[in-house]
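**Q** next come a sequence and a model predicted from it.
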Amino acid sequence: MRILFDQGTPAPLRHALDQHTVATAYERGWSTVTNGDLLTRAEIEFDVLITTDQNLRHQQRIEDRDLAVLVLPTTSWPRIRENIPLILQALTALEPGTVRLVEF
């Protein structure tokens, strides 16, 4: 799976996703791109966008995109680290055009 981290997604999470290809919006030079443009760019090269932006799912239409979005409830790396199994489980259930909020 090809995964893009949005701004705010803790980079250390990529180590838990070592079976996937992971890039960050910052690495791609997309850190200042608006959400709509980010989704358009991301869906060309990635399968999933992982974000901590709670409003993205309300502000953007994801249903018609060739990309899934996984929303984390926090930017706190310690909280995310202790919930990696939930994140991995949520990733396996994603389909293009869906948004899933991981709750922990």
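**A** Arrived safely. As the structure is a computational prediction, the values presented were derived from the model and not from experiment.

**Q** run the chain-centre distance for stretch 53-71.
**A** 9 Å (C-alpha atoms, centre = their mean, to the nearest Å).

**Q** avg pLDDT for it?
**A** What stretch 53-71 shows for mean pLDDT is 92.

**Q** how long is it end to end?
**A** End-to-end distance for stretch 53-71: 7 Å, by C-alpha to C-alpha, to the nearest Å.

**Q** likewise for stretch 12-25?
**A** Chord length of stretch 12-25, first to last residue, is 14 Å (C-alpha to C-alpha).

**Q** what does stretch 86-97 give?
**A** Its first and final residues considered, stretch 86-97 spans 20 Å by C-alpha to C-alpha.

**Q** now stretch 62-81
**A** End-to-end distance (C-alpha to C-alpha), stretch 62-81: 27 Å.

**Q** list the buried residues in it.
**A** 62, 65, 67-72, 80 (16 or more other C-beta atoms under 10 Å). Every C-beta, even on glycine, is put in place using the N, C-alpha and C of the backbone.

**Q** out of these, which are inside strands?
**A** Counting by DSSP state E, the part of the buried residues of stretch 62-81 found in strands is 68-71.

**Q** hang on, residue 62 packs against residue 39?
**A** Yes: with contacts counted by C-beta atoms under 8 Å, residue 62 reaches residue 39, the gap being 7.4 Å.

**Q** need the residues touching each of the two.
**A** Common neighbours of residue 62 and residue 39, using C-beta atoms under 8 Å, 6 or more residues apart in numbering, are residue 69.

**Q** so which elements touch the lowest-mean-pLDDT helix or strand in the chain?
**A** Ranked by mean pLDDT, DSSP states H and E, the weakest helix or strand in the chain is helix 56-59, scoring a mean of 85. Counting contacts by 3 or more C-beta pairs under 8 Å, 6 or more residues apart in numbering; DSSP states H and E, helix 56-59 packs against strand 68-71, strand 99-101.
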